[in-house]
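> Okay, sequence plus prediction incoming.
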Amino acid sequence: MPTTDAPAPTPRRASRVARLLGAAAVLIALAGGAWAIGASVDDYVASIVLTGAWFVAVGIAAELIVRRRPGTGIALRGAFVVAVLVSAFGFYWTSVRDVVVDEQVVAGVAASSLPAGEAAAATPPAGDRPPAARAEAPRVNVTVRTGAFESLAHQTVGTASVVRSPDGERTLTLTGFRTDNGPDLRVYLVAGAVDDNGDGDGSIDLGRLKGNVGDQQYTIPAGTDLARHATVVIWCRAFTVGFARAGLDPA
């Protein structure tokens, strides 16, 4: 009597919950890996390469799961494609296109051009004027510190200056400024010696970079000791790397 081989068992199809969990796992793996690489790798180019390699690895793992679990293809592949498209658009929006600003920044006379008494009142050693110096302070805007930008991870040009108004408020201005765009760029005042990655002995965050091209200004918090926090750093917080630095020397 002839015998026939029994049909191979059909793999059990994944449930809707399993498909949703798989899609969520793909998204979490991609986002978590990209965040971890950005937080731990200081080199910008290396971060981009490693992030791309991580996306490829997650894509391969997702495809292997799809082959073992029929019915998960749309969920896992769809989540992967959506993540890639969103990441590509985010990279373009924050890194490729220029954001141009043109603020009317404050300007002042150089402190070195003032009479000795007025210059001392405009540039006290601890940052803010002592009460005794208020009457002597010049009634004009004074540029107390300035310096040219030096490229770090990205080519950067421009001048950073600290301008002090008659009421004591100090403003950081960036003029003739141009750098590459990037995700989550910040403007820091950094203390101590700043290395080639943009790291120092502590920093004061003046806010997000308003634009990677053009003149712009930022308010310096009262009490900031500019003799200590004497370097401006354009910092990419997403990839923990400095784009540029400018030492602030007495003007």
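The structure has been received and is ready for your questions.
> and residue 225, which of the three is it?
coil (DSSP: H, G, I helix; E, B strand; the rest coil).
> gap between it and residue 204?
Plainly put, residue 225 is 10 Å away from residue 204 if you go by C-beta to C-beta, to the nearest Å. Every residue, glycine included, has its C-beta placed from N, CA and C.
> Excluding sequence neighbours, find me the nearest residue to residue 99.
residue 211 (4.1 Å; C-beta to C-beta, 6 or more residues apart in numbering).
> got the contact list for that neighbour?
Residue 211 sits next to 98, 99, 100, 101 when contact means C-beta atoms under 8 Å, 6 or more residues apart in numbering.
> out of those residues, which are inside strands?
Residues of the contacts of residue 211 located in strands (DSSP state E): none.
> mind giving me a markdown table with the residues you listed and columns for neighbour count?
Shown next, in a markdown table, are these (neighbours: other C-beta atoms under 10 Å):
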| residue | neighbour count |
| --- | --- |
| 98 | 12 |
| 99 | 14 |
| 100 | 11 |
| 101 | 15 |
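> re the thing from before, quick one: the residue nearest to residue 99 is in a helix?
No: going by three-state DSSP, the assignment for residue 211 is coil, not a helix.
> ok, back up a step: redo the contacts of residue 211 as CSV? Include pLDDT and distance to residue 168.
What follows is the contacts of residue 211, written out as CSV (pLDDT from 0 to 100; distance: C-beta to C-beta, whole Å):
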residue, pLDDT, distance to residue 168
98, 92, 35
99, 94, 31
100, 96, 31
101, 97, 26
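> farthest pair in those residues?
Farthest-apart pair in the contacts of residue 211 is 98 and 101; separation 10.1 Å (C-beta to C-beta).
> what is in contact with these two at once?
211, 213.
> what ranges do the strands span in the protein?
So, for the chain - with DSSP E - the strands run 109-110, 142-148, 150-151, 157-164, 170-178, 185-190, 203-208, 216-220, 231-236, 241-247, 249-250.
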